[in-house]
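A.B. asks: Below are the sequence and a predicted model for it; my questions follow.
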Amino acid sequence: ELKVEQNPLFLSMQEGKNYTIYCNYSTTSDRLYWYRQDPGKSLESLFVLLSNGAVKQEGRLMASLDTKARLSTLHITAAVHDLSATYFCAVDITSGTYKYIFGTGTRLKVLA
Amino acid sequence: DSGVTQTPKHLITATGQRVTLRCSPRSGDLSVYWYQQSLDQGLQFLIQYYNGEERAKGNILERFSAQQFPDLHSELNLSSLELGDSALYFCASSVGDMEGGGYTFGSGTRLTVV
């Protein structure tokens, strides 16, 4: 069964601290995406990672992809309250049908 | 505004009823995707249409159906509604079918079945 697992599921951290969210997936894919969702809101695209070793950075967030390990990370540097949200990774499955499979989500709360 | 328009934003209906959710993709996008987000199931892919044709099917119940019209807007029809169908339903769009870009999501329709 295809699985996309994120950990941790919940993360409470102090402002100014660093942390990493992990996204593991169980099938071959070289396309992975990160999204942010605020409570009751839509999903906002953060990063598109399209090859092994891809690294993208935007502000305090940096995402990377290791397709051999089937692992992506979302690293948070010097967290601020505005980063509080739920973060989803999504794996692009191209095994005959074309669709995303979303991870379980990581609910991040940054404490002032 | 992401460019993907979903209506209505909120819908409250009774069990056994039928509803239609509407999605207009971003200008120029040919693919439309429907997702269901609930607390216990997370984000579940339902179905994809590309330029009017069904392209991929995920965990969509037989009580649910969708279509994409010539003007590329899409409708998701939910029938014989059950309490467990209460969820946020998102539509997303993309330019093509197999390109590697991200999706653009609409703001969602919150369906409450009472």
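C.D. replies: Right, received. Where do you want to start? Keep in mind that what you see is a predicted model, and the values were worked out from it rather than measured.

A.B. asks: residue contacts, the residue most central in space within chain B?
C.D. replies: By Cα atoms, centre = their mean, chain B has its centre lying nearest to B:W34, at 3.1 Å. The contact partners of B:W34, by Cβ atoms under 8 Å, 6 or more residues apart in numbering or on different chains, come to B:C23, B:F45, B:L46, B:I47, B:Q48, B:I60, B:A66, B:S74, B:L76, B:Y89, B:F90, B:C91. No exception for glycine: its C-beta is placed from N, CA and C like everyone else's.

A.B. asks: Now do the nearest residue to the first one once chain neighbours are set aside, the pLDDT please.
C.D. replies: Closest residue to B:C23 in three dimensions, ignoring its sequence neighbours and counting by Cβ to Cβ, 6 or more residues apart in numbering or on different chains: B:C91, at 3.3 Å. Note on B:C91: pLDDT of 96.

A.B. asks: bridging residues for B:C91?
C.D. replies: B:W34 (DSSP bridges).

A.B. asks: count of residues packed around it?
C.D. replies: B:C91 has 30 neighbouring residues, counting by other Cβ atoms under 10 Å in any protein chain shown.

A.B. asks: Touching, A:I93 and B:Q48? I think so.
C.D. replies: No - with contact defined as Cβ atoms under 8 Å, A:I93 does not reach B:Q48; the gap is 11.4 Å.

A.B. asks: more neighbours, the two?
C.D. replies: Between A:I93 and B:Q48, B:Q48 has the larger neighbour count (other Cβ under 10 Å), namely 25 against 21.

A.B. asks: can you list residues touching both of A:I93 and B:Q48?
C.D. replies: Listed as contacting both A:I93 and B:Q48 by Cβ under 8 Å, 6+ apart are A:K99.

A.B. asks: thinking again about what came up before, which residues does the residue nearest to B:C23 contact?
C.D. replies: With Cβ under 8 Å, 6+ apart, B:C91 has these contacts: B:4, B:6, B:21, B:23, B:25, B:32-35, B:74, B:76, B:105-106, B:108.

A.B. asks: which among these gets closest to A:E44?
C.D. replies: Nearest to A:E44 among the contacts of B:C91 is B:F105, at 7.7 Å by Cβ to Cβ.

A.B. asks: Wait, the closest one touches B:S94, no?
C.D. replies: No - applying Cβ under 8 Å as the test, B:F105 and B:S94 come out as separate, 10.4 Å apart.

A.B. asks: pLDDT wise, what is B:V95 at?
C.D. replies: 83.

A.B. asks: per-residue confidence at the residue nearest to it when sequence neighbours are not counted?
C.D. replies: Leaving aside its chain neighbours, B:V95 sits nearest to B:D29 (5.4 Å; criterion: Cβ to Cβ, 6+ apart). According to the prediction, B:D29 has pLDDT 92.

A.B. asks: For B:D29, give its distance to chain A.
C.D. replies: Using Cβ to the nearest Cβ, to the nearest Å, we find B:D29 at a distance of 13 Å from chain A.

A.B. asks: can you pull the contacts of B:T5?
C.D. replies: Neighbouring residues of B:T5 by Cβ under 8 Å, 6+ apart: B:C23, B:S24, B:G106.

A.B. asks: change it to 6 Å
C.D. replies: B:S24 (Cβ atoms under 6 Å, 6 or more residues apart in numbering or on different chains).

A.B. asks: and what of B:G108?
C.D. replies: Counting by Cβ under 6 Å, 6+ apart, B:G108 makes contact with A:S42, B:L88, B:F90.

A.B. asks: if you set the cut-off to 7 Å instead, what comes out?
C.D. replies: Contacts here follow Cβ atoms under 7 Å, 6 or more residues apart in numbering or on different chains; on that basis B:G108 touches A:S42, B:Q6, B:L88, B:Y89, B:F90.
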